[in-house]
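K.L.:
A predicted structure for the sequence below; I have some questions about it.
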Amino acid sequence: MDIKDINRKIRHLQRDFGDTIFVLQNKGLKYFQRVWLAALLIVFVPYKFFYQSMDSRISSLEMRIKTARATNKYAKTYNDAMENLLVVERRLPPASKGTGWLSDISISSLKDENITPDSVSSVHQVQSGKLIKESISVDFQAKFPEIFSWLYKIEHDHYLIHVDSLQIKKKGLDENKVHCTLSTLIQAGSGGNS
């Protein structure tokens, strides 16, 4: 494009601008009301019905994509946690076992080791949500290998039993005085699967 073309275009724009000013001075703004209204409608209608609706759809789609990405990011963690929870729930004794179950299992496991308990406390229960924590205290005297074997059986029982505390005091050459607190969790109101 050379200088002559640029000058020609500038003169053409000046002439068009002069014609527009002349028409506006002679006819007034009222003469162009319909044209301005039509021009605004041509701009407004597509903006309102296409651009804004598409913008809200795009925002909705972006939110769904973010949600899907977050779900995908944490899905494995969630599935692993759910699987671990199910494993633990399968090891919880059902409510149908009754409140004497923890006492019975501790006494029978002591008898399996030829240990006679000195005392077994009554069951103490604390409910938290859908779970009930039951705990008992057991006192007995035994040799260390017997204590170890008993603890192993308690910890590896089919149902989950936790040794909350264990106190061992030496009594004589071979004997030990043991005070142990055991606990378990029971699903409140669960059915009778064993």
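P.N.:
Received, thanks.
K.L.:
what sits against residue 89?
P.N.:
When contacts are counted by C-beta atoms under 8 Å, 6 or more residues apart in numbering, residue 89 touches residue 187. Placement of C-beta: from N, CA and C, glycine included.
K.L.:
What separation do you get for it and residue 26?
P.N.:
Using C-beta to C-beta, to the nearest Å, residue 89 is found at 89 Å from residue 26.
K.L.:
Check residue 71 too.
P.N.:
Residue 71 sits 67 Å away from residue 26, going by C-beta to C-beta.
K.L.:
Also residue 156?
P.N.:
104 Å.
K.L.:
same deal with residue 182?
P.N.:
For residue 182, the distance to residue 26 - C-beta to C-beta - is 104 Å.
K.L.:
Those two: who's more crowded?
P.N.:
Taking neighbours as other C-beta atoms under 10 Å, residue 182 and residue 26 compare with residue 182 leading, 22 against 8.
K.L.:
Can you say which helix or strand has the more buried one in it?
P.N.:
Residue 182 is located in strand 175-187, with elements delineated by DSSP states H and E.
K.L.:
need the helices for this structure, in chain order.
P.N.:
Secondary structure of the chain (DSSP state H): helices at 3-27, 33-46, 52-91, 101-112, 144-155.
K.L.:
who are the neighbours in contact with residue 104?
P.N.:
Residue 104 neighbours (C-beta under 8 Å, 6+ apart): none.
K.L.:
List the beta-bridge partners for residue 128.
P.N.:
According to DSSP bridges, the residues that bridge with residue 128 are residue 131.
K.L.:
Residue 135 and residue 61: what is the separation?
P.N.:
53 Å.
K.L.:
What about residue 143, how many residues nearby?
P.N.:
14.
K.L.:
so it touches residue 175, yeah?
P.N.:
Yes. Counting by C-beta atoms under 8 Å, residue 143 touches residue 175, with 6.6 Å between them.
K.L.:
List the residues that contact the nearest residue to residue 132 once chain neighbours are set aside.
P.N.:
In this structure, residue 132 finds its nearest non-sequential neighbour in residue 186, 4.7 Å apart by C-beta to C-beta, 6 or more residues apart in numbering. When contacts are counted by C-beta under 8 Å, 6+ apart, residue 186 touches 92, 93, 94, 95, 97, 131, 132, 134.
K.L.:
top of those residues by neighbour count?
P.N.:
Neighbour tally across those (other C-beta under 10 Å): the maximum, 23 neighbours, falls on residue 93.
K.L.:
How about that one: what's its closest non-neighbour residue?
P.N.:
residue 159 (4.2 Å).
K.L.:
And residue 86, how close does it get to residue 80?
P.N.:
11 Å.
K.L.:
Also residue 3?
P.N.:
Residue 3 is 75 Å from residue 80, where distance means C-beta to C-beta.
K.L.:
One more: residue 123?
P.N.:
34 Å.
K.L.:
before we move on, back to that, compare residue 3 and residue 80 (neighbour count), which wins?
P.N.:
Set side by side, residue 3 and residue 80 show more neighbours around residue 80, with 10 against 7, by other C-beta under 10 Å.
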